[in-house]
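**Q** Sequence first, predicted model second:
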Amino acid sequence: MIRTRQIMMDQEGVLLAPYAQKSAQTAGRRYPEPPHPFRTDYQRDYARIIHSRAFRRLEYKTQVFLNGTGDHLRTRLTHTMEVVSITRCIARALGLNEDLAEAIALAHDLGHAPFGHSGEEALNERMREHGGFDHNEQSLRIVERIEKKYPEIDGLNLTFELLEGLQKHREFYEPPPGSGELCYLNPSLEAQVANLADEIAYYSHDLDDGLDCHLIHPAQLAELAVWRDACEGVRSRYPKIEGEELHAYVIRCIIDREVEDVITTSCERIAAAGVQSVEQVRRQPHPLVGYSARLFTANQALRAFLYANLYYHPDVAQMNRRACEMLGRVFDAYLANPNLLGAHTAGRIETDGLHRTVCDYLSGMTDRYLLDEYARIFPGRVS
Ligand code: MG
């Protein structure tokens, strides 16, 4: 028997929680499409992101450490896969729509520039007078405008709920066209889960990568409640493990604790709010997915620690600074000579303006492509 789209939608109605976003209740796509015989709308969104060019480029983009500097270090792609994995676990435990939550997680970092946050800051500086650059806004721009798959339209024509999930860090969320709503205060729980899973993933794996690179030393971590609590748990079970073996297992336990805390806390908050539909979720004054107060405080301390000791560590900062100088020079070279962009990209200048066209092109590059482009434009010049 083939499990048709209709059967899957019926199963969602039975299996998912009342406050989950069911695919049968989607607000649809900007350009309406006939339904697929055996895939729901969110399963189609998921596949469209996996098959996009921007998704494939994540493999060669920096997470924290420049791409190619260590085979075990996270890249944007492996970070994204970890976010998807954590998202699935939380979404499934809360009875949410995993297809939607995972698709949002898959797309959440598509808009990142080469060279990580340093690259983003450098591009934002160059775009100061021209609307700025923000990776969250760029993720939306990629899926709505830049990806080209269909002859008649720009973008991937994703569902409203997927696009809503990419509107991160906004005060208000745009309602679907024609819904009669002015704005929502929160996105779906699926979007809230993907958003928090991103934090859980990078807190833990940046710590892991920092230890791996010896930029962070275990002795520095004793004051951090997140590390200390997990470490005590591990030592009581495995009193003899040390060094890398200990670190690897502590990182595993940190993720496990964070995920369990979010599931328990969110379940309590959902029950206390009494929400019975995704519409009610969107009208809540605050997000319902979150950490307990204790873990929230502990994570704030971890975040502060990572900023103070890893993200701006002299070794990381020096490498990023050199990379960003190259990015700036390539940006200026394109502005001065748009012919360097190639005919396809240059064709966008008329509609999008020169600065935005250059910004789109540069921000889409992988680390290595930008280095190659630098060598092409400035032959023989060492940064
Ligand atoms: Mg991320």
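**A** Yes, it's here.

**Q** Where does the stretch 201-350 of the chain get nearest to the ion, which residue?
**A** Tyr202 (6.1 Å; Cβ to the ion). Just so you know, the C-beta spots here come from the backbone N, C-alpha and C atoms, and that holds for glycine as well.

**Q** Name the nearest residue to that residue, sequence neighbours excluded.
**A** His79 (6.6 Å; Cβ to Cβ, 6 or more residues apart in numbering).

**Q** And that neighbour, which helix or strand is it part of?
**A** Take DSSP states H and E as the rule and His79 turns out to sit in helix 76-93.

**Q** Now tell me what touches the helix or strand following that helix from outside.
**A** Under the assignment DSSP H and E, the closest C-terminal helix or strand after helix 76-93 is helix 98-107. Applying Cβ atoms under 8 Å, 6 or more residues apart in numbering, the external contacts of helix 98-107 come out as 21, 23, 40, 42-43, 45-46, 49-50, 55, 80, 83-84, 87-88, 90-92, 139, 143, 158, 161-162, 165-166, 188, 190-191, 193-194, 197-198.

**Q** is helix 98-107 anywhere near the ion?
**A** No. For helix 98-107, no contact with the ion is found by Cβ under 5 Å from the ion; the gap never falls below 8.7 Å.

**Q** from the middle of its chain, how far away would that helix be?
**A** 10 Å (Cα atoms, centre = their mean, to the nearest Å).

**Q** got the contact list for Val83?
**A** Counted by Cβ under 8 Å, 6+ apart, Val83 has contacts 105, 108-109, 194, 197-198, 201.

**Q** wait, I meant Ile255
**A** By Cβ under 8 Å, 6+ apart, the neighbours of Ile255 are 86, 200-201, 204.

**Q** how much space between Ile86 and Tyr202?
**A** Computed as Cβ to Cβ, to the nearest Å, the Ile86 to Tyr202 distance reads 11 Å.

**Q** right, I mislabeled it, should have said Met9
**A** Counting by Cβ to Cβ, the gap from Met9 to Tyr202 is 34 Å.

**Q** quick one on the thing from earlier: quick check: PyMOL command selecting the buried ones in the contacts of helix 98-107.
**A** To isolate the buried members of those in PyMOL, using 16 or more other Cβ atoms under 10 Å:
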select buried, resi 21+23+40+42+43+45+46+49+55+80+83+84+87+88+90+91+139+143+158+161+162+165+166+188+190+191+193+194+197+198
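
**Q** re earlier: so what's the residue count around the residue of the stretch 201-350 of the chain closest to the ion?
**A** By other Cβ atoms under 10 Å, the residues close to Tyr202 number 19.

**Q** ok, now the one 4 residues further on?
**A** Other residues near Asp206 come to 21 when the count uses other Cβ under 10 Å.

**Q** can you list the residues that contact whichever strand or helix holds Met319?
**A** If you go by DSSP H and E, Met319 is part of helix 314-336. Under the contact criterion Cβ under 8 Å, 6+ apart, helix 314-336 has outside partners 64-66, 69, 113-116, 118-119, 121-123, 126, 215, 310, 340-341, 354-355, 358-359, 361-362, 367, 370-371, 373-374, 377-378, 383.

**Q** and if we set it to 7 Å?
**A** 64-66, 114-115, 118-119, 122, 126, 215, 310, 340-341, 354, 358, 362, 370, 373-374, 377-378, 383 (Cβ atoms under 7 Å, 6 or more residues apart in numbering).

**Q** After it, heading C-terminal, what element do we hit next?
**A** Taking DSSP H and E, what comes next after helix 314-336 is helix 343-346.

**Q** so how far is that next one from its chain's centroid?
**A** 28 Å.

**Q** Give the buried residues for the helix ranked longest in the chain.
**A** If you go by DSSP state H, the chain has its longest helix at helix 243-273. Going by neighbour count (16+ other Cβ under 10 Å), the buried part of helix 243-273 is 246-247, 249-251, 253-255, 257-259, 261-263, 265-267, 269-270.

**Q** among the contacts of helix 314-336, which are in helices?
**A** Per DSSP H, the contacts of helix 314-336 map to helices at 118-119, 122, 126, 354, 358, 362, 370, 373-374, 377.

**Q** quick check, nearest of these to the ion?
**A** Gly119 (14.2 Å).

**Q** Sitting in helices, which of the contacts of Ile255 do you find?
**A** Using DSSP H, those in helices are 86, 200-201, 204.

**Q** where does the protein dip in pLDDT?
**A** Along the chain, segments meeting pLDDT under 70 span 66-68, 169, 381-383.

**Q** and it, what are its domains?
**A** 5-316, 317-377 (automatic domain parsing).

**Q** Can you give me the end-to-end span of the last one?
**A** Counting by Cα to Cα, to the nearest Å, the length from the leading to the trailing residue of domain 317-377 is 25 Å.

**Q** got it, and stretch 284-291?
**A** 17 Å.

**Q** Go through it and flag the buried ones.
**A** Quick answer for stretch 284-291 (16+ other Cβ under 10 Å): 284, 287-291.

**Q** got a list of contacts for it?
**A** 185-186, 189, 192-193, 196, 261-262, 265-266, 269-270, 273, 275, 281, 299.

**Q** what about it, distance to the chain center?
**A** 19 Å.

**Q** which parts of this protein sit against the ion?
**A** Proximity of the chain to the ion, by Cβ under 5 Å from the ion, involves residues 109, 198.

**Q** Can you name the secondary structure element that comes next after the longest helix of the chain?
**A** With DSSP H and E, the next secondary element past helix 243-273 is helix 278-283.

**Q** Just the angle for the strand or helix carrying Asp208 relative to helix 243-273, thanks.
**A** Using DSSP H and E, the element containing Asp208 is helix 189-212. Here helix 189-212 runs at an angle of 160 degrees relative to helix 243-273 (axes from the mean of the first three to the mean of the last three Cα atoms, to 10 degrees).
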